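*Asks:* predicted model and sequence below, questions to follow.
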Amino acid sequence: MGDTTASPVPRTVSRRGFIAGTGSLLGVAALAGRTPAAWAQSAPVAPIPSGAHVPALVIGTGYGGAVAALRLAQAGVDVHMIEMGMAWDTPGSDGKIFCNTREPDYRSYWLRTRTKAPLNYFLGFPIDRDIPRHTGILDAEEFGGITVYQGRGVGGGSLVNGGMAVTPRRENFGAVLPSVNPDEMYNVYYPRANAELGVGVIDPAWFDSTACYQYARVGRKHAQRSGFPFVFVPDVYDWDYMKQEAAGAVPKSALAGEILYGNNHGKKSLQQTYLARARATGRVAVSPLHKVTSVAPASGGRYTVVIEQLSTTGAVTATKTVTADRVFFAAGSVGTSKLLVKLKATGALPGLNGEVGRGWGDNGNVMCGRANHMWDPTGALQSSIPCCGIDNWAAGGAFAEVAPLPTGIETYASFYLSITNNPNRAQFSWNAAAGRVDLNWQAAWKQPSITMAKTIFDKINSKEGTIYRTDLFGVYKIWGDHLTYHPLGGAVLNKATDNYGRLTAYPGLYVIDGALIPGNTSVNPFVTITALAERNIEKIIATDL
Ligand code: FAE
């Protein structure tokens with residue numbers, strides 16, 4: 001969960017006699033407290049008309065896109081954001097905007113007829129279930145050797161992620177973004193990103209006493225007994241709101257297992273931060289359910305942008321052509337890379353350089369669970385927001401987040417998402433026969449991640465006399481090594497672009513998202529994506545506009 005995975009207690013398991021215990025956890029009225037809908041009230045969604053001309057067009061509404069939109073608007077530039085996912089500003093018939101991880105419905109997955117939960121087995125039983133095909137919030141995009149999870153909707157990955165807001169250790173930064181001056185990042189742009197995102201840390205005294213972090217305290221105890229550095233990890237969740245959830249004073253979100261398909265309360269997604277401020281400028285419009293399919297030079301230094309309007313079943317209901325003076329690619333590592341690779345190969349942007357599509361990595365993501373002894377329960381009530389980790393990066397190449405397994409029942413499991421220093425990098429390429437972009441990641445390339453994660457968990461298991469869980473990712477399968485939550489790269493800074501994200505062959509075209517980062521950030525990535533976008537847009541506004 002969180003930065004980790006879904007852990008719904010499936011109907012199949014319930015039927016076999018396990019007590020889900022979710023009823024009391026589901027919360028009540030959805031529209032009290034901090035609601036995601038609040039962001040939309042500053043300006044209505046305004047679908048772009050065909051034939052329009054806009055000064056700045058931003059493809060995607062995740063971190064990079066939101067930073068670009070806010071700063072451009074503040075500089076006096078009118079911005080139109082094009083987002084293939086939904087607005088996520090309207091409650092469903094249950095009064096809630098987002099569905100719960102324990103009861104995935106039509107809102108859960110992007111155009112699938114069956115869920116594809118990252119953690120897809122529980123107690124050895126498969127937990128995926130049929131759902132209606134809908135433009136849901138979480139995309140499990142399948143390439144040959146890896147499934148890449150991404151958020152879909154206004155807010156991008158911030159809608160579905162665990163909110164873990166981690167700044168890399170400065171000594172690791174040289175490997176993260178080798179062409180960027182660390183002084184400017186650590187003195188200016190990381191602090192700016194953290195402030196704008198609303199990053200905070202759990203109150204350590206509350207951590208020590210609340211039932212909902214029993215699992216994390218067990219994680220701390222086991223880490224420390226094996227001599228590993230234990231760290232609290234900042235998050236954008238409103239920690240005061242979570243305390244009120246625990247006190248029963250407000251509708252529950254983190255304490256009701258909400259996360260992977262959106263949080264109805266408590267989490268400061270981009271809808272509450274950058275995007276709310278962008279729209280409050282009055283200069284930013286958003287077109288949800290609009291997907292950019294082409295960008296090509298037009299006369300007068302402009303660009304022609306082709307956009308498909310989608311219905312909630314994914315059908316194309318209109319194809320629009322607009323022009324823009326500047327286009328910012330902020331469709332995420334995968335979305336931006338796929339667009340650029342296709343546009344280069346099919347002749348729309350043939351001058352893009354040969355680095356486009358290269359340098360893609362999975363941030364070394366790998367998951368695993370450990371089976372604890374009966375005297376080490378991890379708690380039936382688990383906050384879905386992770387708050388701590390085990391830092392063995394320097395010695396073993398792994399940073400492991402102590403992750404929740406908020407099933408609503410006692411599982412005696414400790415669950416972890418490790419970010420590892422996996423050196424493998426993949427490349428996107430145009431598959432002309434199939435008319436799509438492929439990624440050449442190989443399943444076996446996860447082995448270095450497993451080896452690095454084992455530097456932590458083999459030692460803990462040996463010290464505690466415990467074993468790995470084998471029932472979470474299949475039957476007798478220890479490692480969740482088939483996926484990533486953290487796609488990075490594909491249009492790497494200072495390679496595919498200049499050192500500020502400019503696609504120099506085409507003045508006015510920019511990359512401003514996770515595609516710029518060469519495959520690994522040593523920690524969870526969105527603070528680095530945000531800070532880099534702040535750095536780049538400041539330079540672009542100062543010198544290009
Ligand atoms: P992103 O946020 O993915 O935004 C791209 C947007 O572009 C999306 O809204 C797309 O729908 C849209 N788009 C794509 N193609 C098109 C197109 N052709 N036309 C129009 N729109 C398009 O990009 N990171 C952390 O740091 N901490 C965490 O705790 C954490 N947990 C995560 C948990 C999960 C389950 C997942 C999936 C990710 C998690 N991440 C976490 C990763 C983080 O959300 C991700 O790195 C950022 O969202 C990437 O930001 P970008 O701006 O690159």
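*Replies:* Yes, it's here. None of these values were measured; they are calculated from a predicted model.

*Asks:* where does the nearest residue to Phe207 once chain neighbours are set aside land on pLDDT?
*Replies:* Closest residue in space to Phe207, ignoring its immediate chain neighbours: Tyr213 at 5.4 Å, by CB to CB, 6 or more residues apart in numbering. Glycine gets a C-beta too; all of them are placed from N, C-alpha and C. As predicted, Tyr213 sits at a pLDDT of 98.

*Asks:* could you do Phe207 as well?
*Replies:* 98.

*Asks:* pretty sure it contacts Tyr215?
*Replies:* No - Phe207 is beyond contact range of Tyr215, at 11.5 Å (criterion: CB atoms under 8 Å).

*Asks:* the more surrounded of the two?
*Replies:* Between Phe207 and Tyr215, counting by other CB atoms under 10 Å, Tyr215 is the more crowded of the two (27 against 18).

*Asks:* doesn't the more buried one fall inside a strand?
*Replies:* No - secondary structure of Tyr215 (DSSP: H, G, I helix; E, B strand; the rest coil): helix, not part of a strand.

*Asks:* distance of it from Cys387?
*Replies:* 10 Å (CB to CB, to the nearest Å).

*Asks:* can you give me the pLDDT of the residue in the stretch 1-150 of the chain that the ligand sits nearest to?
*Replies:* For the stretch 1-150 of the chain, the residue closest to the ligand is Gly62, as judged by CB to the nearest ligand atom, at 2.1 Å. As predicted, Gly62 sits at a pLDDT of 98.

*Asks:* and it, what does it touch?
*Replies:* By CB atoms under 8 Å, 6 or more residues apart in numbering, the contact set of Gly62 is 151, 155-158, 270, 330, 332, 513-514, 529.

*Asks:* what do you get for Ser449?
*Replies:* So Ser449 contacts 362, 364-366, 398, 418, 420, 422, 481 (CB under 8 Å, 6+ apart).

*Asks:* closest to the ligand among those residues?
*Replies:* Closest to the ligand, out of all of these and judged by CB to the nearest ligand atom, is Asn365, at 9.4 Å.

*Asks:* excluding covalently adjacent residues, which one is nearest to that closest one?
*Replies:* Nearest to Asn365 is Thr484, by CB to CB, 6+ apart, at 4.4 Å.

*Asks:* pretty sure the one you found is touching Ile146, no?
*Replies:* Yes - shown here, Thr484 and Ile146 form a contact pair, counting by CB under 8 Å, at 6.2 Å.

*Asks:* who has more neighbours, these two?
*Replies:* Thr484 (26 against 22).

*Asks:* any idea what the more buried one is bridged to?
*Replies:* Val148 (DSSP bridges).

*Asks:* let me see the contact set for it.
*Replies:* 146-149, 362-363, 365.

*Asks:* so how far is Thr378 from it?
*Replies:* Taken as CB to CB, the span from Thr484 to Thr378 is 25 Å.

*Asks:* burial measure for whichever residue of the stretch 151-300 of the chain sits closest to the ligand, as a count.
*Replies:* Here the residue of the stretch 151-300 of the chain nearest the ligand is Gly157; by CB to the nearest ligand atom that distance is 2.0 Å. For Gly157, the tally of surrounding residues (other CB under 10 Å) stands at 26.

*Asks:* then Ile137?
*Replies:* Per other CB under 10 Å, the neighbour tally for Ile137 reads 25.

*Asks:* which residues does it contact?
*Replies:* 85-86, 88, 98, 107-110, 151-153, 159-160, 261-262.

*Asks:* and the pLDDT for it?
*Replies:* At Ile137, pLDDT is 98.

*Asks:* the contacts of Gly62 in helices, which ones?
*Replies:* 332, 529 (DSSP state H).

*Asks:* of the contacts of Gly62 - the most surrounded one?
*Replies:* If you count neighbours using other CB under 10 Å, the busiest of the contacts of Gly62 is Asp513, which has 37 neighbours.

*Asks:* my guess is that residue contacts Val58, does it?
*Replies:* No - between Asp513 and Val58 no contact is recorded; they are 9.9 Å apart, counting by CB under 8 Å.

*Asks:* give me the common contacts of the two.
*Replies:* Joint contacts of Asp513 and Val58 (CB under 8 Å, 6+ apart) are 65, 330.
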